[in-house]
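In: what's the 3D shape of this:
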Amino acid sequence: MQYPFAEKYDASDYIILNSNINPFGTSPLALKAISENLSKINMYPSREEHEKVKNQIVTKMKREYINVNEKQIVLGNGSDEVIEFFIKFGIRKFKRPKVIVGDKTFAFYEYCARSYGLDVIKVPLKNFGYDTEKIIETAKKNSPCLIMICNPINPTGKIIPKKELEDFINEIPQDSFLLSDEAYFEFAFYLNCKDWRGDDYRSALQLNIKRPVFISRTFSKAYGLAGLRLGYLICDFSDEIERHISPPFNVNYLAIKAGEKAILDIDFLQKTVENNYNGLRILESIEGAIPSWANFVLIKVKKKDIYNELKNNRILVRNMEQYGFEGFIRVSVGKIEEIEIFQKIFRKILNQ
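Out: Have a look, this model is predicted:
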């Protein structure tokens, strides 16, 4: 399969709402760290520098009421790489060729699994969310080595509510590994604290789980480091993954330095998630919007060519036909003024 990349434009007069990136750019603390360390990029990042970032992640997660230790964390070149670590680890352990994913969810799961020769079983979504009962039924029937979900779900923005998630994880066959991709955790965590739609969202790490679970997270979204590529995997097999799967210098020096400081910039994170909360309220007022817990909204549109008409008005959104959502666009939460411009032009196009 070909990976469905977002359309890229360098022109500064475009409003970019198609890649779920941070509309405020990058943390000033991270930018300062990058500037201060540019002269050192001839150096390989040390193990001690890796450990500093891991320690900062542990401290950050304590603020989210999650207890992990640095020995459970594996750093990667973006969350894509740690998802690949998970796939390679599952192949080593179970040597079975089947993987289960949700149909029309994050394309990288299928893309990466197929690159290792695995058979991908896609379970259809139900009302834009996971059909957890069907996934369990499919797993018991097919004995997959791996099951991969994202929570919140890309591209629908839905979540698996906490009780359903806990039951789902505990009912999956014990001889399959589960990955819960939490790339949009920071946004959902804040929305949950704001009582967005009730107290319904939890990380899998916050639940009463009776089996090993793998969690992937990223610095790309809330922390604005998409271009540097920094992600991490949390699991009880991190030592084995680091010794046998992860390359020794997989994360670049500037990503390490920027990540260490970005995670300390609580003001920048707060600004980002507050803007997202307010932006979602605007986007979800649009007819056809699917309620979201992430930093984007999936919208069913009545006008077939609205993607190109928005592009002609210097606004880029994601055309979701390539994901199998015909008649839908996905709109990232930009700055409030960008969202207001989008809303105005969107409604103008529909009324023409």
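
In: Now do the phi/psi pair for the closest residue to Cys145 other than its chain neighbours.
Out: Distances taken as Cβ to Cβ, 6 or more residues apart in numbering place Phe94 nearest to Cys145, at 3.8 Å, with adjacent residues excluded. Every residue, glycine included, has its C-beta placed from N, CA and C. Per-residue torsions, Phe94: phi -110, psi -30 (degrees, to the nearest 10).

In: Which residues are in contact with Phe94?
Out: By Cβ atoms under 8 Å, 6 or more residues apart in numbering, the contact set of Phe94 is Cys145, Leu146, Asp175, Ser176, Phe177.

In: What is the most widely separated pair among those residues?
Out: Leu146 and Asp175 (10.9 Å; Cβ to Cβ).

In: of these two, who's got more company?
Out: Between Leu146 and Asp175, Leu146 has the larger neighbour count (other Cβ atoms under 10 Å), namely 25 against 12.

In: Now do the contacts for Asn192.
Out: Contacts of Asn192 by Cβ under 8 Å, 6+ apart are Asp199, Asp200, Tyr201, Arg202, Trp293.

In: Which helix or strand contains it?
Out: Using DSSP states H and E, Asn192 sits in helix 185-193.

In: Flag every buried residue along stretch 158-171.
Out: Under the neighbour-count criterion of 16 or more other Cβ atoms under 10 Å, stretch 158-171 has Lys158, Ile159, Ile160, Pro161, Lys162, Leu165, Glu166, Phe168, Ile169, Glu171 buried.

In: Tell me the one among those residues nearest to Ile66.
Out: So of the buried residues of stretch 158-171, ranked by how close each gets to Ile66 (Cβ to Cβ), first place is Lys162, at 13.5 Å.

In: measure the closest residue to that closest one other than its chain neighbours to Arg211 for me?
Out: Once flanking residues are discounted, Lys162 sits nearest to Arg202: 4.0 Å by Cβ to Cβ, 6+ apart. Separation of Arg202 from Arg211 (Cβ to Cβ, to the nearest Å): 16 Å.

In: neighbour-wise, which of those two wins?
Out: Between Arg202 and Arg211, counted using other Cβ under 10 Å, Arg202 has the larger neighbour count: 22 against 13.

In: can you give me the mean pLDDT across stretch 208-226?
Out: On average, the pLDDT along stretch 208-226 is 95.

In: how long is that stretch end to end?
Out: 32 Å (Cα to Cα, to the nearest Å).

In: tell me what the helix or strand containing Ala139 is packed against?
Out: Using DSSP H and E, the element containing Ala139 is helix 132-142. Where contact means 3 or more Cβ pairs under 8 Å, 6 or more residues apart in numbering; DSSP states H and E, helix 132-142 is packed against strand 98-102, strand 119-123, strand 146-150, helix 162-171.

In: Nearest to Lys257, out of the ones you listed?
Out: Each of the helices and strands packed on helix 132-142 has some distance to Lys257 by Cβ to Cβ; the shortest is strand 146-150, at 28.2 Å.

In: neighbouring strands for that closest one, and are they parallel or not?
Out: strand 98-102 (parallel), strand 177-181 (parallel) (DSSP bridges).

In: and these as CSV, adding mean neighbour count and distance to Lys257?
Out: Formatted as CSV, the strands paired with strand 146-150 follow (neighbours: other Cβ atoms under 10 Å; distance: least, Cβ to Cβ, whole Å):
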stretch, mean neighbour count, distance to Lys257
strand 98-102, 24, 34
strand 177-181, 26, 25
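
In: Leu350: which of the ones you listed is closest?
Out: strand 98-102 (30.0 Å).

In: any idea how far the closest one is from the chain center?
Out: 17 Å (Cα atoms, centre = their mean, to the nearest Å).

In: Name the next helix or strand downstream of that strand, please.
Out: helix 107-115.

In: Just the buried residues of stretch 25-39, please?
Out: Those would be Thr26, Ser27, Leu29, Ala30, Leu31, Ala33, Ile34, for stretch 25-39 by 16+ other Cβ under 10 Å.

In: Out of these, list just those in helices.
Out: Leu29, Ala30, Leu31, Ala33, Ile34 (DSSP state H).

In: pLDDT and distance to Arg217 added to the contacts of Phe94, as JSON lines?
Out: Conversion of these to JSON lines gives the following (pLDDT from 0 to 100; distance: Cβ to Cβ, whole Å):
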{"residue": "Cys145", "pLDDT": "93", "distance to Arg217": "22"}
{"residue": "Leu146", "pLDDT": "96", "distance to Arg217": "18"}
{"residue": "Asp175", "pLDDT": "91", "distance to Arg217": "26"}
{"residue": "Ser176", "pLDDT": "94", "distance to Arg217": "21"}
{"residue": "Phe177", "pLDDT": "96", "distance to Arg217": "17"}
